[in-house]
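# I would like the atomic coordinates for the input below:
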Amino acid sequence: MTRITLLIIAGLAQQACASTLVLEFKPLWNGKALVMNDTSLLNAAGNRLSVTRFAALLSHAELQKQDGTWIGAKDWVEFLDVGSQRLSVRLDGIPSQKYRTLRFDVGLDPVMDGRNPSQWGPLHPLNPQVNGLHWSWRGQFVFLAVEGRYEQADGEFGGYSYHLAGQPCRGTVVVPVELDLADDVTLLMNVHLDRFFGAAHKIDISNADSTHSADDDELAVQLAENAVRGFGVAGVSQGLPKGNVTQANMPENLPPLGMSVPAHFPRIEYGRDNPLTEKGIALGEALFFDKRLSINETQSCASCHAAEYGFSDLRRYSVGAEGQVGVRQAMPLFNLAWKPAFFWDGRAPTLRKQVLMPIQDPAEMHETLESVAEKLSDLEPQFVEVFGESGITSANLAKALEQYLLTLISGDSKMDRTLTQKEQLSELEQRGFMLFFTESDPGRGIRGADCFHCHGGVHFTNNQFINNGLETEVDMEDAGRAQVTGLASDRGKFMVPSLRNVAITAPYMHDGRFKTLEEVLEHYDHGVKRSATLDPNLAKHLRYGGLRLSEEEKAALVAFLKTLTDTTFVHAHSSEAPRETEPSSARGRMID
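The predicted model follows:
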């Protein structure tokens, strides 16, 4: 639950008697609890569909007193997301009296919508890392996102993607409800998602499966008018929800030593239990290039993560210390502080857990942590200096590697420099930029490559797990995220990689099947395969035979993608990277 303080109008905020109002939202479909990914839902137009995503930004919460006047905060904002179960919001500091109406906006006012997203704190609802709803390079937020699959006339399931943005799509929800805030109160609210498709306007998905929120987008406005009618009161109870604990707000910590964070990157919460130090970073870097981490001292972390290639692997499948061929391509390493999970399937929830897994994996370094500690005994003084008397332990090994890896920050590409007018995109690159950030909707004459739904944001990734249509249901050999969660709805889903440095991090996809950017574009243009978990933003193109980009448009996209290469990052780490240390049989100490 997020803690939000309701800033009351002048003269009331300091009242001694103040109460808390908790809003708990429950998503429903036709009066029953919404089941995500259930394809048996029916809307008012008769479409059979599923909901795979629902997220919204709410703002301007206000309460109407018994005398008809309103109190509230114009700068209040909250983010709801069904997928992550972020469905509660807490408002503190409300004057203890009776109220008769609650109202709030779905969407943001122009000032709030236009602010620099990098200004928001790590936990703020408008931080792009929190909500994933900012258009980033094109500015402004998506106010509401509803995505899913629907049954087409041919019986196949296509996709729909409705994203509402801009002031014509901002609306106000008015909820008449008697609230006695003499004490704390919990207001239970239903979110009737079926009404989003039919409260005021029947939305037939087969006629239009995507919105564009342009000034002339009638569908987006209709959905917005439906959306404000989708909220309703389920009940009021005195007191706060069971288990609700107010958390003290911790002050934001600044980027640690050694982390040069670009000004346009979202602010994040940095780890407080492993402060970066010069010696800690140096130790981590030495360990990254140390072959003693592997069973036969033939392989280091750098063996599969070469600095000159954005810390990626040129091979399709990484090869283990004993010649074992893996089943997935090694992911590049940079901007790791902004990642919510690690590996293609997200099996490591933290970087500190991730760094120890390849060491112990039989298909990779195939070593035990106890043996590594013994082989690194000559580094005991360095470990003690950095971590104290505990010295060489598995936990400290992980912390040292984490310190170094967190300093690998890439944010100075040509595209980044356009933000400060230090560079400008060429005509071809600008054409690619526009295609990248434009949806494809042949039904309405809109041409685009529709890349940004998965690769938007400052990091060119939404950090989500999706099925991007590489295999049909029958041919799907790698279950991906489902191997971790056990959910059929995650079958074939993998972490969306960042497109930063994409021109130098070939081959592509989790299995490295594509050797060039041109091959990748051919896949998204007309090679996407249908399956039950295919992402809606890709599934919606199948009924048109794909994107159907021209050769000139593909060339423009490749030109734009090449502007994402950070040569400063690559050159700095390639030149500063220490030579991989030799096995202990060939040396008596670690090479400086």
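
# buried stuff in stretch 356-369?
For stretch 356-369, the neighbour count (16 or more other Cβ atoms under 10 Å) marks L356, P358, I359, A363, E364, M365, H366, E367, L369 as buried. Glycine gets a C-beta too; all of them are placed from N, C-alpha and C.

# Show me those residues that map onto strands.
Residues of those located in strands (DSSP state E): none.

# Let's have the residues you listed in TSV, adding pLDDT.
Below are the buried residues of stretch 356-369 laid out as TSV (pLDDT from 0 to 100):
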residue	pLDDT
L356	98
P358	97
I359	98
A363	94
E364	96
M365	96
H366	97
E367	97
L369	97
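
# State the pair within those that is farthest apart.
A363 and L369 (16.8 Å; Cβ to Cβ).

# T565 contacts T505, correct?
No: applying Cβ atoms under 8 Å, one finds T565 not in contact with T505, separated by 9.4 Å.

# higher neighbour count, those two?
Between T565 and T505, counted using other Cβ atoms under 10 Å, the more crowded position is T505 (24 against 20).

# so after the least confident helix or strand in the chain by mean pLDDT, what's the next helix or strand?
Sorting the helices and strands of the chain by mean pLDDT, DSSP states H and E puts strand 2-5 at the bottom, at a mean of 40. Downstream of strand 2-5, the first helix or strand assigned by DSSP states H and E is strand 18-29.

# Just checking: what are the partner strands of the following helix or strand past that following strand?
Counting by DSSP H and E, the next helix or strand C-terminal to strand 18-29 is strand 32-33. Partners of strand 32-33 in the sheet, by DSSP bridges, are strand 18-29 (antiparallel).

# centre of the chain versus the strand it pairs with, how much separation?
A distance of 25 Å separates the centroid of the chain from that of strand 18-29, by Cα atoms, centre = their mean, to the nearest Å.

# got it, and stretch 87-107?
Distance, centroid of stretch 87-107 to centroid of chain: 29 Å (Cα atoms, centre = their mean).

# Same check on stretch 183-201?
For stretch 183-201, the distance to the chain centre is 26 Å (Cα atoms, centre = their mean).

# What count of nearby residues applies to T101?
16.

# can you tell me how far it sits from G155?
47 Å (Cβ to Cβ, to the nearest Å).

# What of E519?
Taken as Cβ to Cβ, the span from E519 to G155 is 31 Å.

# Need the phi and psi values for the closest residue to N37 other than its chain neighbours.
Once flanking residues are discounted, N37 sits nearest to S489: 4.4 Å by Cβ to Cβ, 6 or more residues apart in numbering. Phi and psi for S489, reported as degrees, to the nearest 10, are phi -70, psi -10.

# wait, Q64 sits on Q97?
No: the criterion here is Cβ under 8 Å, and Q64 misses it with Q97 at 11.4 Å.

# The strand or helix carrying F569 - what's its average pLDDT?
Assigned by DSSP H and E, F569 belongs to helix 567-576. For helix 567-576, mean pLDDT is 86.

# Low-confidence stretches in the stretch 1-150 of the chain?
Within the stretch 1-150 of the chain, the stretches with pLDDT under 70 are 1-16.

# coming back round to it: quick one: contacts of the helix holding F569?
307-311, 334, 408-413, 501, 504 (Cβ atoms under 8 Å, 6 or more residues apart in numbering).

# Any of those residues buried? List them.
The buried subset of the contacts of helix 567-576 (16+ other Cβ under 10 Å) comprises 307, 309-311, 334, 408-413, 501, 504.

# now those residues in CSV, with secondary structure?
CSV is the format used below for the buried ones among the contacts of helix 567-576 (DSSP: H, G, I helix; E, B strand; the rest coil):
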residue, secondary structure
A307, helix
Y309, helix
G310, coil
F311, coil
F334, coil
L408, coil
I409, coil
S410, coil
G411, coil
D412, coil
S413, coil
N501, coil
I504, helix
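
# G323: which of these is nearest?
Set against G323, the nearest of these by Cβ to Cβ is Y309 (21.6 Å).

# before we move on, the earlier item: turn the contacts of helix 567-576 into JSON lines, including pLDDT and distance to N116.
Formatted as JSON lines, these follow (pLDDT from 0 to 100; distance: Cβ to Cβ, whole Å):
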{"residue": "A307", "pLDDT": "94", "distance to N116": "32"}
{"residue": "E308", "pLDDT": "94", "distance to N116": "34"}
{"residue": "Y309", "pLDDT": "95", "distance to N116": "32"}
{"residue": "G310", "pLDDT": "96", "distance to N116": "27"}
{"residue": "F311", "pLDDT": "96", "distance to N116": "29"}
{"residue": "F334", "pLDDT": "97", "distance to N116": "23"}
{"residue": "L408", "pLDDT": "96", "distance to N116": "25"}
{"residue": "I409", "pLDDT": "96", "distance to N116": "19"}
{"residue": "S410", "pLDDT": "97", "distance to N116": "20"}
{"residue": "G411", "pLDDT": "96", "distance to N116": "15"}
{"residue": "D412", "pLDDT": "96", "distance to N116": "18"}
{"residue": "S413", "pLDDT": "97", "distance to N116": "19"}
{"residue": "N501", "pLDDT": "98", "distance to N116": "24"}
{"residue": "I504", "pLDDT": "97", "distance to N116": "29"}
